[in-house]
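> Here is the input, now give the coordinates:
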Amino acid sequence: MMSLDSITLYLVATMVAALLGAMMVFFGRQENSPALKWWGTAYLLGAASVALWTATGDKLGPHLYLALNAVGFVACGMVWNAARVFHGRKPNWPGLVLGALAWIATVTLLDPAASMLRMIIGAGIVSVYAALTASELWVERRKSLQRRWPAFVAPVMHGCVLMLPILLGGFLRPNDAGFSHSVWVTVFAVELVLYAVGTVFVIFMLVSERTVTAHRTAASTDPLTGMLNRRGFSEACARMIEREAKGGRPVTVMIFDIDHFKSINDRFGHPAGDEMLKLFSTVVVNNLRLSDLSGRIGGEEFAALLPCALEEGVLVAERVREAFETSGVVVDEGPVDTTVSIGVAGGPAGTELEVLLASADTALYQAKRGGRNRVEAAEELPLSLENWRRQSAARIGVPKAESKTQPATA
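Down below sits the predicted model:
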């Protein structure tokens, strides 16, 4: 009865694994996810191997039996490689087949009567692959993915279940009838079902989490320049201002506006304007520190937040202006002027972003009126945003250059 129950459990486990594998391959194709395809194919191979082994036993002959077991070990290697592919790493092709080769060598070299030793080596190979999978997921853990601990625990538990009877040895075997008549056959069958279902749940949790993260990143990123868009910039700045306020450190904001951008679009076309925007974004990123924030907040308007005093911010702004001016852009029609006007405003710890942007915008307006291609620092912060808005409304009729012009891909 124990043997029949075990066979039934193994067949149920293989059917569940095959169904889950087919589902992962399907969704892998739908979502163009190589990792899901790897996982799904591994499940299908493993299910087919275990199902044939359970249904036929020794009827296949020694060579087919050996090949069938080797396929199962390749499936274990594919699960490990799926974790590598999921994190953007290349598959480890030697490692994929190393377990199968080790098993073939074991069966070929060992005495056919040493069934327990073969079982120990086979369980050890599967446990090694489980440990490698867990290690891959553990090494790649990130602050934004702290909930992935089940992905690490599942393969560790799988390896422990396989190795436990081996480590305890004869204490858990009431007789020497062999492993096939041990209670652990049933335990392994139950664990295989739980592992198959649990692992697929974890896999889809990881894939879903990555998809959500990708959508969140896309929602806060400008597709043309790769910089933060207005929304992403505002959210990142709020976090930085809060962090700097705890340390009592000042912050500085600068607004960049490419000079005569509308004329660039009119003379050379919107594609040339887009290239100009990408060039300027590169100049900004290359001249800021890793701790600084920058983003594209409008058509040809960019902004940056620096954790520093106003004086240091002015020096950085001047460095950006000089670097952009000397870019030396030349098209078929001739050289293109690459100049930018910059407004800079600083404030004490805890100053709101909108207040800093309002003051920097006023300084930018002064830079435009002063002849462009210059850096202007705000003398003081506005008393209130409402007053600043009224002052801005009073400027209507006085051109602020082309700050609201939208390029083709904006």
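
> show me where pLDDT drops low in the stretch 101-250 of the chain?
For the stretch 101-250 of the chain, the stretches flagged by pLDDT under 70 are 139-193, 213-214, 217.

> do that again at 50, thanks
When the per-residue scores of the stretch 101-250 of the chain are filtered using pLDDT under 50, the ranges that remain are 142-146, 166-181.

> got it, and the stretch 251-400 of the chain?
Counting by pLDDT under 50, the stretch 251-400 of the chain has low-confidence residues at 395-400.

> can you map out the helices along it?
Under the criterion DSSP state H, counting those that start in this stretch, the stretch 251-400 of the chain carries helices at the ranges 261-268, 270-287, 310-325, 353-369, 385-393.

> for the stretch 51-200 of the chain, same thing?
Taking DSSP H, counting those that start in this stretch as the criterion, the stretch 51-200 of the chain carries its helices at 62-86, 93-109, 115-139, 149-168, 183-219.

> Let's have these in TSV, adding distance to A349.
The C-beta positions use only the backbone N, C-alpha and C, and glycine is treated the same way. TSV is the format used below for the helices of the stretch 51-200 of the chain (distance: least, Cβ to Cβ, whole Å):
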stretch	distance to A349
helix 62-86	42
helix 93-109	52
helix 115-139	38
helix 149-168	37
helix 183-219	29
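
> need those helices in CSV with mean neighbour count and distance to L293, can you?
Conversion of the helices of the stretch 51-200 of the chain to CSV gives the following (neighbours: other Cβ atoms under 10 Å; distance: least, Cβ to Cβ, whole Å):
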stretch, mean neighbour count, distance to L293
helix 62-86, 20, 30
helix 93-109, 15, 41
helix 115-139, 19, 29
helix 149-168, 18, 31
helix 183-219, 16, 15
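
> Give the closest residue to S49 in space, chain neighbours not counted.
In this structure, S49 finds its nearest non-sequential neighbour in G72, 3.8 Å apart by Cβ to Cβ, 6 or more residues apart in numbering.

> and the gap between that neighbour and K262?
66 Å (Cβ to Cβ, to the nearest Å).

> cool, F233 as well?
When distance is defined by Cβ to Cβ, F233 is 23 Å away from K262.

> which one of the two has more residues nearby?
Between F233 and K262, counting by other Cβ atoms under 10 Å, F233 is the more crowded of the two (24 against 18).

> so which strand or helix has that one?
Element membership for F233, per DSSP states H and E: helix 230-246.

> got the CA coordinates for that helix in CSV?
As requested, C-alpha coordinates have been extracted for helix 230-246 and formatted as CSV (Å, rounded to 0.1, in the frame of the first residue of the first chain):
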residue,chain,number,x,y,z
ARG,A,230,8.7,66.2,-13.5
ARG,A,231,6.9,63.7,-11.3
GLY,A,232,9.9,61.6,-10.6
PHE,A,233,12.1,64.6,-10.0
SER,A,234,9.6,66.0,-7.5
GLU,A,235,9.3,62.7,-5.6
ALA,A,236,13.1,62.2,-5.4
CYS,A,237,13.7,65.8,-4.4
ALA,A,238,11.2,65.5,-1.5
ARG,A,239,13.1,62.5,-0.2
MET,A,240,16.4,64.3,-0.5
ILE,A,241,15.2,67.5,1.2
GLU,A,242,13.8,65.5,4.1
ARG,A,243,17.0,63.6,4.5
GLU,A,244,19.2,66.7,4.4
ALA,A,245,16.9,68.5,6.8
LYS,A,246,17.5,65.9,9.4
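
> from the chain's centre, how far out does stretch 47-60 sit?
Using Cα atoms, centre = their mean, to the nearest Å, we find the averaged C-alpha position of stretch 47-60 to lie 39 Å away from the chain's own average C-alpha position.

> quick one: contacts of it?
For stretch 47-60, the surrounding residues in contact (Cβ atoms under 8 Å, 6 or more residues apart in numbering) are 7, 10-11, 13-15, 17-18, 21, 65, 68-69, 71-72, 75, 192.

> which one of those residues is nearest L137?
Lowest distance from L137 to those (Cβ to Cβ) belongs to A75, with 18.0 Å.

> contacting residues for the closest one?
Remark: with contacts taken as Cβ under 8 Å, 6+ apart, A75 is in contact with 42-43, 45-46, 49.

> Which ones among those residues lie within helices?
For these, the ones inside helices are 42-43, 45-46, 49, with DSSP state H as the criterion.

> And W103, how close does it get to R372?
Per Cβ to Cβ, W103 is found 73 Å from R372.

> Next: H270.
22 Å.

> what do you get for L132?
If you measure L132 against R372 using Cβ to Cβ, the figure is 60 Å.

> Of the contacts of A75 - the most surrounded one?
Among the contacts of A75, the one with the most neighbours (other Cβ under 10 Å) is Y43, at 29 neighbours.

> give me the element the closest residue to that residue other than its chain neighbours is part of.
Leaving out its chain neighbours, the residue that sits closest to Y43 by Cβ to Cβ, 6+ apart is G21, at 2.8 Å. Mapping G21 onto the secondary structure by DSSP H and E places it in helix 2-30.

> tell me the domain boundaries of this structure?
Per the record, the chain has its domains at 6-219, 230-395, by the TED database.

> From A309, how far off is the nearest residue to L357 once chain neighbours are set aside?
Among residues not flanking L357 along the chain, V253 sits closest, at 5.9 Å (Cβ to Cβ, 6+ apart). For V253, the distance to A309 under the criterion Cβ to Cβ works out to 12 Å.

> if you count what's nearby, which of the two comes out ahead?
When neighbours are counted by other Cβ under 10 Å, V253 comes out ahead of the other of V253 and A309, with 30 against 15.

> The more buried one contacts V344, correct?
Yes - with the criterion set as Cβ atoms under 8 Å, V253 and V344 qualify as a contacting pair; they are 7.3 Å apart.

> Overlap in contacts, those two.
For the pair V253 and V344, residues contacting each of them under the criterion Cβ under 8 Å, 6+ apart are 313, 360.

> about what we covered before: out of the contacts of stretch 47-60, the closest to I241 would be?
Among the contacts of stretch 47-60, G21 lies closest to I241 (Cβ to Cβ), at 49.1 Å.
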